[in-house]
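Colleague: here is my input, please return the structure:
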Amino acid sequence: MQTIELAVIGGTGLYRLAELEDVQTLQPETRYGMPSGPVRVGLLEGKRVAFLARHGEGHSLPPHRINYRANLAALQGLGANRVLALNTVGGITQRFGPRVLACPDQLIDYTWGRVSTICEEAGTEVIHVDFGEPYTRSLRQATLAAARDAGVELVDGGCYGATQGPRLETRAEIARMRRDGCDLVGMTGMPEAALAREMGLDYACLAIVANWAAGAGPDPDEVITLQDVLDNVAAASAGLPALLRKML
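Modeller: Have a look, this model is predicted:
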């Protein structure tokens, strides 16, 4: 099996990695079923990189219906040990406004009803992983260093709050999350991070801030539109190819 230097999981608005060369399209099946879509494996800086669209390439899967276990198992089965997760999020606190790129170091899980462990099936070994530091420190540091080398502005730290979705949150929910210490809000950060830890994968998050969360911005009556989200994602992720090249 050839080594994959880095696996990238794309979130809302990020359905392909155009910079990949000599791309192979793979459709791996795993013990957990099929992943969200095809895995595109190609070369970047001469290194093998895998890309998988978390919601499917046509954005057909809502957050609670994503087979997170199959996605990670597919990447691992292809030879990946490092996973960089791209998550489109809302900003709650001042440092995390629209078009900011951040590398959070903590998270709080508000999701429910999702298959959140590889210990789900009867007869599987029960494991209790240490999750006090939910993102792999070495991969976070490599991501931050790559951003510096590439001249890409990347906020170091922050707490990601993972909500159920697919609806956006109420103002009261965002106010509670702020009190809880959340800086960012998204719908796909969990159980993905915990599953990666259980599977022994290095895992870090690049949070792409698409909008202010409800009531968090300067205009409390702002209405969030899908077009605004997509425009902000495109702007915030403009430096991503240069960052990935430096990581490799």
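Colleague: which other residues reach the lengthiest helix in the chain?
Modeller: Assignment by DSSP state H gives helix 137-150 as the longest helix of the chain. Helix 137-150 is contacted by residues 82, 84, 101, 103, 105, 152-154, 156, 202-204, 206, 239, 242-247 when judged by CB atoms under 8 Å, 6 or more residues apart in numbering. C-beta coordinates here come from the backbone N, C-alpha and C atoms, glycine included.
Colleague: which parts of the helix-or-strand element of the chain with minimal mean pLDDT are buried?
Modeller: Across the helices and strands of the chain, the lowest-confidence element by mean pLDDT, DSSP states H and E is helix 226-236, at a mean of 87. Buried positions in helix 226-236, judged by neighbour count with 16 or more other CB atoms under 10 Å: 229, 232, 233, 236.
Colleague: please name the nearest non-neighbouring residue to residue 21.
Modeller: Excluding the flanking residues, the one nearest residue 21 by CB to CB, 6 or more residues apart in numbering is residue 43, at 4.7 Å.
Colleague: could you check how far the strand or helix carrying the one you found is from the centre of its chain?
Modeller: Per DSSP states H and E: residue 43 is located in strand 39-44. The chain centre lies 18 Å from the centre of strand 39-44; the measure is CA atoms, centre = their mean, to the nearest Å.
Colleague: other SSEs contacting it?
Modeller: strand 21-26, strand 47-53 (3 or more CB pairs under 8 Å, 6 or more residues apart in numbering; DSSP states H and E).
Colleague: let me know the angle separating that strand from strand 47-53.
Modeller: 150 degrees (axes from the mean of the first three to the mean of the last three CA atoms, to 10 degrees).
Colleague: okay, strand 39-44 in CSV with CA atoms only?
Modeller: Provided in CSV are the C-alpha atoms of strand 39-44 (Å, rounded to 0.1, in the frame of the first residue of the first chain):
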residue,chain,number,x,y,z
VAL,A,39,-12.0,9.4,-2.5
ARG,A,40,-9.9,11.5,-4.9
VAL,A,41,-6.2,10.6,-4.6
GLY,A,42,-3.6,12.6,-6.4
LEU,A,43,-0.3,14.3,-6.2
LEU,A,44,0.5,17.7,-4.6
